[in-house]
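Asker: Sequence plus predicted model, see below.
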Amino acid sequence: MMTLKGQEIAVIGAGVVGLSTALSLQEEFPLANITVFADKFNNETLSSGAGGIFRPEINVHHDEERVRTWCKDSLSHFLDIVKSSECSKAGIQLISGYHLSSLFSDFKNDLVQSLVPEWRKLNEKELQCFPGSFKGGQFYTTPVIDCKYYLPWMKSKFENAGGKIVQKHVSSLDEIPDNYSIIVNCAGLGAKGLLQDEMLTPIRGQTIVVKAPWIKNFYYADTVYIIPGVECVTLGGIKDYGSWKKEVDLYQKQYIWDKCTELVPSLKNAEILYDWVGLRPFRPSVRVDTSFVKHGNNYRLIVNNYGHGGHGVALSWGTAQDIKRMIKKIATKGNFTVSKL
């Protein structure tokens, strides 16, 4: 088996997708030299503001079986960490909660229902426990990944195993030094400029982060959500397709607050810590593919792993494993497959 001994691999991006990919490659190719190039780390990244709940959707890619594999790989990874002594450092915990709908009595997410450790439909009596008039609901248990812990944990693990970190904004693949024969692009929304990908667009999100240690369950209800992390609770629900606005919208802030406190009235007593705005990298189909690109007198292997939208955390380890398998196939058999975009 080819080990890529001495090969230089560059990973662009240090969000949850980039660090997951760097770690996956490091585990598979321990004799390769892997460097993460990024201008933002930990709390500066988009990933740090994610609610982090494992609640994927099947429509993120045209190949449903591929999506299921990504989800299974991610879930298995998160559950392994939960069962380990590293769970508190990594900020991953199993949390139960409620998904409610005032529009539909019977709605479902087959991925969630088939994969998570516990799932059941709420009965009429349970629905009546919530303010308002909900027609349907689900109760399930799933991992919640607090990226304020998970990102530094992954970065530390990567560096302790010999991985290199270079703080640098990469605006062109040509800026990666010539000695890197493999470049893995996990630049998120930055891939739009990096590759001129017109299929990539932002979906703006806005949340309120509060201190409410008594909130132990998560809640989804129509357009809002309440997700407890390790120390804070994230209140959100905004999805502005195509918006590049990074300022807090006071109308949306009031909407989130009103809807969330209506759903869980005790949140009125929460301490508001800060507001957060982030631009999710949405693509009609998550891009996970490979190609060889001429660079000087040689060719580089360019690998893409971006466009996860609002499912970056949930899919991160799964798409990273896919990238690992693709590079391994190229390294061992000398061939490659370019996936349909």
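Answerer: Yep, it's here.
Asker: so the residue lying closest to residue 77 once chain neighbours are set aside, which of the three states?
Answerer: Distances taken as Cβ to Cβ, 6 or more residues apart in numbering put residue 317 closest to residue 77, at 4.2 Å, once the chain neighbours are dropped. For every residue, glycine as well, the C-beta is placed using N, CA and C. Under DSSP: H, G, I helix; E, B strand; the rest coil, the three-state class of residue 317 is helix.
Asker: Use 30 as the first number from now on
Answerer: Got it, the first residue is 30 from now on, which makes the last one we talked about residue 346.
Asker: Which residue is most remote from the mean position of the chain?
Answerer: residue 326 (36.6 Å; Cα atoms, centre = their mean).
Asker: Let me know the pLDDT of it.
Answerer: pLDDT for residue 326: 80.
Asker: Repeat that for residue 63.
Answerer: 98.
Asker: ok, residue 313 touching residue 228?
Answerer: Yes: look at residue 313 against residue 228 with Cβ atoms under 8 Å: they come within range, at 6.1 Å.
Asker: residues making contact with stretch 284-301?
Answerer: Residues outside stretch 284-301 that contact it (Cβ atoms under 8 Å, 6 or more residues apart in numbering) are 129, 159-161, 235-241, 243-244, 248, 250-253, 255, 262, 264-267.
Asker: Filter these down to the ones in strands?
Answerer: When DSSP state E is applied, the contacts of stretch 284-301 are split such that 129, 235-240, 248, 250, 253, 255, 262, 264-265 fall in strands.
Asker: Buried subset of those residues, written for PyMOL?
Answerer: In PyMOL, this line selects whichever of the ones in strands among the contacts of stretch 284-301 come out buried by 16 or more other Cβ atoms under 10 Å:
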select buried, resi 129+235+236+237+238+239+248+250+253+255+262+264+265
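Asker: ok, the ones in strands among the contacts of stretch 284-301 vs residue 80, which is closest?
Answerer: Residue 80 lies nearest to residue 265 out of these, by Cβ to Cβ, at 6.4 Å.
Asker: partners of the biggest strand by length in the chain, with directions?
Answerer: The longest strand of the chain (DSSP E) is strand 300-324. Strand 300-324 has the following strand partners under DSSP bridges: strand 230-240 (antiparallel), strand 327-337 (antiparallel).
Asker: Confidence-wise, which of these is weakest overall?
Answerer: Mean pLDDT per stretch puts strand 327-337 lowest among those, at a mean of 95.
Asker: centre of the chain versus that one, how much separation?
Answerer: Here the centre of strand 327-337 is set off from its chain's centre by 18 Å, with Cα atoms, centre = their mean, to the nearest Å.
Asker: just stretch 315-329 next, same as before
Answerer: 25 Å.
Asker: From the rest of the structure, what touches that stretch?
Answerer: Contact with stretch 315-329 is made by 89-90, 95, 202-203, 207, 209-212, 220, 226, 330-338, 344, 348, 351-352, 355-356, 359, 365-368, 370, as judged by Cβ under 8 Å, 6+ apart.
Asker: Now with 6 Å, please.
Answerer: Defining contact as Cβ atoms under 6 Å, 6 or more residues apart in numbering, one finds that stretch 315-329 is touched by 89-90, 212, 330-337, 348, 351, 355, 365, 367-368.
Asker: Restrict that stretch to CA atoms and write it as CSV.
Answerer: Coordinates of each C-alpha in stretch 315-329 appear next as CSV, following Å, rounded to 0.1, in the frame of the first residue of the first chain:
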residue,chain,number,x,y,z
VAL,A,315,-22.0,19.5,-1.8
ARG,A,316,-18.8,19.4,-3.8
VAL,A,317,-16.5,16.4,-3.0
ASP,A,318,-14.4,15.6,-6.0
THR,A,319,-10.9,15.4,-7.5
SER,A,320,-9.0,16.5,-10.6
PHE,A,321,-5.5,16.9,-11.8
VAL,A,322,-4.5,20.5,-12.7
LYS,A,323,-1.4,21.5,-14.6
HIS,A,324,1.1,23.5,-12.4
GLY,A,325,4.3,24.6,-14.2
ASN,A,326,5.8,21.5,-15.7
ASN,A,327,3.9,19.1,-13.4
TYR,A,328,0.4,18.3,-12.3
ARG,A,329,-1.2,18.8,-8.9
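Asker: mind listing what's buried in that stretch?
Answerer: Result for stretch 315-329 [16+ other Cβ under 10 Å]: buried residues 315-319, 324, 329.
Asker: Check stretch 241-257 too.
Answerer: Quick answer for stretch 241-257 (16+ other Cβ under 10 Å): 241, 244, 247-250, 253-257.
Asker: Turn the strands paired with strand 300-324 into TSV, columns for distance to residue 307.
Answerer: Converted to TSV, the strands paired with strand 300-324 look like this (distance: least, Cβ to Cβ, whole Å):
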stretch	distance to residue 307
strand 230-240	5
strand 327-337	13
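Asker: Would you mind saying which of the ones you listed lies nearest residue 193?
Answerer: Per Cβ to Cβ, nearest to residue 193 of the strands paired with strand 300-324: strand 327-337, 18.0 Å.
Asker: Noted, bye for now.
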